[in-house]
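>>> Let me see the structure of the following:
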Amino acid sequence: MLSRREWSKRALSSLIMGAGSIVTIASNPEQANAAESIIWKTGRAPQIPGQKPKDKSDVKGTKKDPSFLRSIADCKTKCENNYGPDGLSRSSTECLSSCQDICCTTYEQCTFAIVPR
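Residues are numbered from 1 along each chain as shown. Predicted coordinates:
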């Protein structure tokens, strides 16, 4: 069991160490300026000055990404053809739900409702 004096010394030393790291982080003005120039909007990619806007026809990383749809289809086919732990084949909705978790690579792909609820 720690005495009050030992506990106070440890608490004070950890406070001093924490304050030192904050000063180190705050002393780098280049990072602070870069962070201030980025505009964040909820649910969207950040707007970075000087960066070209994303092409509207580019579907990479979206739910319409051909490679994502192809991997979902392959996974669903394999899932439906294999038997589950109970010895029965799995339904299409069960397979789609689990395949979405396996195949998604972006937030949009992982969160859209692939199976109607």
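>>> residue boundaries of the helices in the protein?
4-26, 29-37, 66-81, 92-103, 107-111 (DSSP state H).
>>> Run a quick neighbour tally on L69.
For L69, the neighbour count with other C-beta atoms under 10 Å is 14. No exception for glycine: its C-beta is placed from N, CA and C like everyone else's.
>>> repeat for I48
I48: 11 neighbours (other C-beta under 10 Å).
>>> From what I see, it and K54 are in contact.
No: counting by C-beta atoms under 8 Å, I48 stays clear of K54, with 11.3 Å between them.
>>> Now do the contacts for the closest residue in space to S92 that isn't next to it in sequence.
Excluding its sequence neighbours, the residue lying closest to S92 (C-beta to C-beta, 6 or more residues apart in numbering) is E80, at 6.6 Å. Contacts here follow C-beta atoms under 8 Å, 6 or more residues apart in numbering; on that basis E80 touches 89-90, 92, 95.
>>> sorry, back to before: export the helices of the chain to a markdown table and tack on distance to D58 and mean pLDDT?
Below are the helices of the chain laid out as a markdown table (distance: least, C-beta to C-beta, whole Å; pLDDT from 0 to 100):
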| stretch | distance to D58 | mean pLDDT |
| --- | --- | --- |
| helix 4-26 | 36 | 71 |
| helix 29-37 | 24 | 62 |
| helix 66-81 | 12 | 94 |
| helix 92-103 | 19 | 92 |
| helix 107-111 | 13 | 90 |
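>>> and stretch 5-21, how far from the chain's centre?
How far stretch 5-21 lies from its chain's middle: 34 Å, per C-alpha atoms, centre = their mean, to the nearest Å.
>>> repeat for stretch 97-115
Computed by C-alpha atoms, centre = their mean, the chain-centroid distance of stretch 97-115 equals 12 Å.
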